[in-house]
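>>> Return a 3D structure for these sequence lines:
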Amino acid sequence: MALVSEFLGQLTLSYGAEVEPTFPTVVPVRDFDPARDAAQIETAIKTKGVDEQTIINILTSRTFEQRKQVAFEFERLAKKDLLGALKGALSGPLETLLLGLMKSTAQYDASELKAAMKGLGTDEETLIEIVCSRSNDELHEIKRVYRELFKKELDKDVAGDTSGDFAKLLLALVQTKRDDPSNVVDYQKIDEDARSLYEGGVKRKGTDVSTWISIMTQRSVPHLQKVFDRYKSYSPYDMKESIRKEVKGDLERSFLTLVECFENKQLYFANRLNEAMKSKGAKEKLLTRIMVSRCEVDLMKIRHEFKKQHKRSLFQTITEHTKGDYQTALLRLCGGDDL
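Numbering: from 1, shown residues only. Coordinates of the predicted model:
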């Protein structure tokens, strides 16, 4: 019997070992001519009243690598920096969005994290969203870029700006010790982890947070998906219900974000976008951050999840809750309507 369980515990199946595919809405434009783009942007900036439409059309339909070439050509042509020129010509949420597009995805994430920890008070919402939703590879790159841009270590800044179990969870994620997906499904380990999560939470008085942190920050995503499924055979509540019962505040929000991203990352972002546009008007900061950070990653898939979950398209929702040039830029990043 022990031999059988050992064999089942190491049974090989193919699951999740391949590279995560991307579903961008912004893709490289054909017949790309950076010098022509740079000349058009220079003319648009010099126009009386500024021709925002031309600037939006160019910058929202080029990838970061292409925008970088446009910036190089602009500096050669206009003898000034494109970022500085955009800051001088634009304002408000449109300026924030277009300046965000002039950074790579990792540079943008690193800058958003830095801004979340700048000065008095901490923007925990931004910290949780970025740190808890990014993969190991993305976090590695964010850490490298953070060091390059700010001459500081991300983990030291996180440690200095947060405290308690919330800090421990974020630091464990930033340390990127998550296992890579494997072709071996270890059923015994899945069962042990599910039982440990249950015994460290719902089954006892108080929560063994350190056990929860180690499992949720070190196991691979496909493994955890199976753990949460197995967890239901031990607990009367699913993992998300258990989190809500066991912990509160930033720690609760962090664990819930992790579980939601493990289950369906694009649905998590679709729900965040919906949340950003629930009230009258829109939470521009949140809306901008997701649209800019995901447009070259998985925004197409987020769009599809949005329609499926909220019974209306992301395009229509943006149209109803935003206005002006900012709306135009968002709709172009959205990349089309899902009728």
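
>>> Now do stretch 161-174: distance to the chain's middle.
Centroid separation between stretch 161-174 and its chain, computed with C-alpha atoms, centre = their mean, to the nearest Å, is 18 Å.

>>> Helix or strand: which one has Leu99?
Element membership of Leu99, judged by DSSP states H and E, is helix 92-101.

>>> so what does that helix touch, helix or strand wise?
The contact analysis (3 or more C-beta pairs under 8 Å, 6 or more residues apart in numbering; DSSP states H and E) places helix 92-101 against helix 52-59, helix 82-89, helix 284-294, helix 324-334. For the C-beta atoms, the positions are set from N, CA and C on the backbone; glycine is no exception.

>>> which residues touch Ala194?
Val227, Phe228, Arg230, Tyr231, Ser233, Tyr234 (C-beta atoms under 8 Å, 6 or more residues apart in numbering).

>>> Leaving out sequence neighbours, find the closest residue to Ala35.
Glu73 (4.8 Å; C-beta to C-beta, 6 or more residues apart in numbering).

>>> for the closest residue to Val26 other than its chain neighbours, what are its contacts?
Nearest non-adjacent residue to Val26, counting by C-beta to C-beta, 6+ apart: Cys295, 4.5 Å away. Cys295 makes contact with Pro24, Thr25, Val26, Leu333, Gly335, according to C-beta under 8 Å, 6+ apart.

>>> Filter these down to the buried ones, PyMOL style.
In PyMOL syntax, the buried subset of the contacts of Cys295 is picked out as below (16 or more other C-beta atoms under 10 Å):
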select buried, resi 24+25+26+333+335
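
>>> and the end-to-end length of stretch 57-72?
18 Å (C-alpha to C-alpha, to the nearest Å).

>>> buried stuff in that stretch?
Within stretch 57-72, judged by 16+ other C-beta under 10 Å, the buried ones are 57-64, 66-71.

>>> same thing with stretch 144-159?
Val145, Tyr146, Leu154, Asp155, Asp157, Val158.

>>> Grab the two from these that are most spread out in space.
Val145 and Val158 (15.1 Å; C-beta to C-beta).

>>> how near is Tyr237 to Thr217?
Noted for Tyr237: a distance of 22 Å to Thr217, by C-beta to C-beta, to the nearest Å.

>>> just Met239 next, same as before
Applying C-beta to C-beta to Met239 and Thr217 gives a distance of 15 Å.

>>> so where's the chain shaky on pLDDT?
The chain contains residues with pLDDT under 70 at 1-19, 280-281.

>>> In PDB, list the C-alpha atoms belonging to stretch 208-220.
Extracted in PDB, the C-alpha atoms of stretch 208-220 (Å, rounded to 0.1, in the frame of the first residue of the first chain):
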ATOM      1  CA  ASP A 208      -0.800  30.000  12.000                       C
ATOM      2  CA  VAL A 209       0.000  32.800   9.500                       C
ATOM      3  CA  SER A 210       3.600  31.700   9.000                       C
ATOM      4  CA  THR A 211       2.400  28.300   7.600                       C
ATOM      5  CA  TRP A 212      -0.100  30.100   5.300                       C
ATOM      6  CA  ILE A 213       2.600  32.500   4.100                       C
ATOM      7  CA  SER A 214       5.200  29.700   3.400                       C
ATOM      8  CA  ILE A 215       2.700  27.600   1.400                       C
ATOM      9  CA  MET A 216       1.200  30.500  -0.600                       C
ATOM     10  CA  THR A 217       4.600  32.100  -1.500                       C
ATOM     11  CA  GLN A 218       6.700  29.000  -2.200                       C
ATOM     12  CA  ARG A 219       4.500  26.500  -4.100                       C
ATOM     13  CA  SER A 220       3.900  26.700  -7.800                       C
END
